[in-house]
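Chemist: below are the sequence and a predicted model; questions follow.
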Amino acid sequence: MSRVFPTVREVLALDPVRHGAPRLVAGEAGLDRPVRWVHAAEVPDIATLLGGGELVLTTGIGLPGDDAGLRAFIGDLAGVGVSGLVVELGRRYLTGVPRVMAAAAQRHGLPLVELRRATPFVRITEAVHALIVDAQLTELRATEEIHQRFTELSVEGAEPDEVVRWAAELSGCPVVLENLSRQVLAYDPAGENAELLLDGWEQHSRRIRPGGRTAYDPDSGWLVTMVGARGEDWGRLLLRWPTGDTLSGTDGGAPPHGDASARVGAVPAPPTRLTILVERAASTLALGRLIRRDAEGLERQIHRTLLTALLDRSRPVDEVALRARALGLMLDRRHLVGVVVRHRGDDVGGEHSPAGEPASGAEPGLAGAGAARLRDLAETVGQALREANLTGLTSAVDDQAVGVLLALADPAGEERALGAFAAALRRTRGSTPGALIIAAGSGVGSLREAGRSLIEARQVAEAARRDRRDLPIFRLPHVGLAGLLHLLRDEPRLQTFVERELGALLAYDARHPREQLLGTLRAYLEQGRNKSAAAGAAHLSRPAFYERLARIGRILDVDLDSVDACLSLHVALLALDAIRTP
């Protein structure tokens, strides 16, 4: 991995320095400090002219002659953050630097080097500066490669796994993509042990709290940036710095999660190149979530375009009505009902697209049996519409579901039309009972509200996956609160609500794994705020249970005797369960 500046240790290995027979007399702990520049000086007050990171070269002829002056000189250099001090012997100091000078350098951790043979300082300066310039050019080339690679990935619409893989490859560091609930969406261990990297990830992630949208958390060793677009964040991208070879341990292995307690000495912040890398990777991930490609036939593509436009309001309603009319579909002045049909089996046909977003080329862009099955379902839905003598837009709306916008002449015929469609679909499909989920949203009287009906139908269909009943049509009244939260589990606003309500308690439990106060809160709420019953359910004495409740109240800053506060916490708990349940 390239660095912009060489270290003091690397400078001492350069030929012009080795020619001077260097000997380290103090400050060994600072040998890995970066050298930003080399400065030759023969005046005692040189510290006022320095900015930090310089390697100071001197013959010592202008240094103070008293012990106090030498201590002050070393203290001033250390105070401005110089990387080290190199003293050529022979002019002021014949056999070695004064002991008081070495003791002061050791106390400040400042590398102090003697050159026992005369060496032109200009050669040292030229060699170090050439090294710095070469490293900077290498860094620029690496940065250019980062921009080029992630631009290509953005244009190609790369999947998150590929973006994360390239981030790890270009950085040489482990990279993790998580959602707002600290669940891992994609990762690449960069050759390290993946099991160690991800073990106990949620609790570990909650302890990573850098300041700012992109920042480095030195306590945990992770460089973190938020991922999102249009002002709505939906995840975090984390890169561990330093890598395993810079951590302690004779075998070069990294402790789990880059635990700061296992490091030796101070760890420098990651280079600017890595900050650029994680931000570009995060931008590519955000853009990829917005871009969806498709390869459908023209008519089906138009159906899909119009359904998508109604879902995300990306086109004016009048334009949607006009384009539908050109296809022979009358959508204005009609009673409209959104319907979604999907297989009951979990994740049939590929990865699940986030709720509220169109799929990434589900039909026929997805390869394999899942895509073929989805195409077959879409054709069957179209055939059922024709058999039931109904009209409407129909197309895949994500990687598992087919959407329909029924256009009815009379609102009174809604239930009859839905029943006829469901019966025709099951006859046409020839499927076993319960194999398909058919969900319908609330009927609406204008095209402007059609998107709401479609979204409701999709949410009901998603929640119905947890319902074992074989209903002809699932409607919103069939979905309880747990089901509603389950279908909204990928919604960043719900995840943000959970973090706001329970984040402090989850963070506390992460730091105190033996207590697990979340279980105490769950018992209290599930027992209807009956403290005695909750203490029994939690297998705790009442005094111990009451003390835990008081601690929970302080951590969350809530009144646990308040009905409203407890209701909010109970909903947050149910939402957390939905988020954690696949």
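Modeler: Yep, that arrived. Residues are numbered from 1 along each chain as shown.
Chemist: which residue is nearest the centroid of the chain?
Modeler: By CA atoms, centre = their mean, the chain has its centre lying nearest to Arg236, at 2.0 Å.
Chemist: isn't that one up against Leu223?
Modeler: No - taking CB atoms under 8 Å as the definition, Arg236 is not a contact partner of Leu223, at 10.7 Å. Yep, even glycine has a C-beta here, placed from its N, CA and C like the rest.
Chemist: need the overlap of contacts for these two.
Modeler: Residues touching both Arg236 and Leu223 (CB atoms under 8 Å, 6 or more residues apart in numbering): there are none.
Chemist: show me what counts as buried in the host helix or strand of Arg500.
Modeler: In the assignment (DSSP states H and E), Arg500 maps to helix 492-511. Across helix 492-511, burial judged by 16 or more other CB atoms under 10 Å covers 492, 494-499, 501-510.
Chemist: alpha carbons of the worst-scoring helix or strand of the chain on mean pLDDT, as PDB, please.
Modeler: One helix or strand of the chain scores below all others by mean pLDDT, DSSP states H and E: helix 481-487, with a mean of 74. Extracted C-alpha coordinates of helix 481-487, given in PDB (Å, rounded to 0.1, in the frame of the first residue of the first chain):
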ATOM      1  CA  LEU A 481     -48.700  -4.900  13.300                       C
ATOM      2  CA  ALA A 482     -45.900  -7.500  13.200                       C
ATOM      3  CA  GLY A 483     -46.600  -8.200   9.600                       C
ATOM      4  CA  LEU A 484     -46.600  -4.500   8.700                       C
ATOM      5  CA  LEU A 485     -43.300  -4.000  10.400                       C
ATOM      6  CA  HIS A 486     -41.900  -7.000   8.700                       C
ATOM      7  CA  LEU A 487     -42.700  -5.700   5.300                       C
END
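Chemist: tell me the buried residues in it?
Modeler: In helix 481-487, counting by 16+ other CB under 10 Å, buried: 483-487.
Chemist: same question, stretch 442-451
Modeler: So stretch 442-451, judged by 16+ other CB under 10 Å, has buried residues 443-444, 447, 449-451.
Chemist: farthest-apart pair in these, please.
Modeler: Greatest spacing in those, by CB to CB: Gly443 and Gly451 (13.6 Å).
Chemist: take the buried residues of stretch 442-451 and keep only those in helices.
Modeler: 450-451 (DSSP state H).
Chemist: ok, so of the buried residues of stretch 442-451, who is nearest Ser283?
Modeler: Looking across the buried residues of stretch 442-451 and measuring by CB to CB, the closest to Ser283 is Gly451, at 28.0 Å.
Chemist: residue contacts, that closest one?
Modeler: 310-313.
Chemist: now do the buried residues in the helix or strand harbouring Arg522.
Modeler: Arg522 belongs to helix 517-526 when assigned by DSSP H and E. Buried residues in helix 517-526, counted by 16+ other CB under 10 Å: 517-518, 520-525.
Chemist: neighbours of the nearest residue to Ala535 once chain neighbours are set aside, just the number please.
Modeler: Once flanking residues are discounted, Ala535 sits nearest to Phe545: 3.7 Å by CB to CB, 6 or more residues apart in numbering. Counted with other CB atoms under 10 Å, the neighbours of Phe545 add up to 21.
Chemist: low-confidence ranges in the stretch 301-450 of the chain?
Modeler: Where the stretch 301-450 of the chain drops to pLDDT under 70, the residues are 326-327, 345-370, 429-434.
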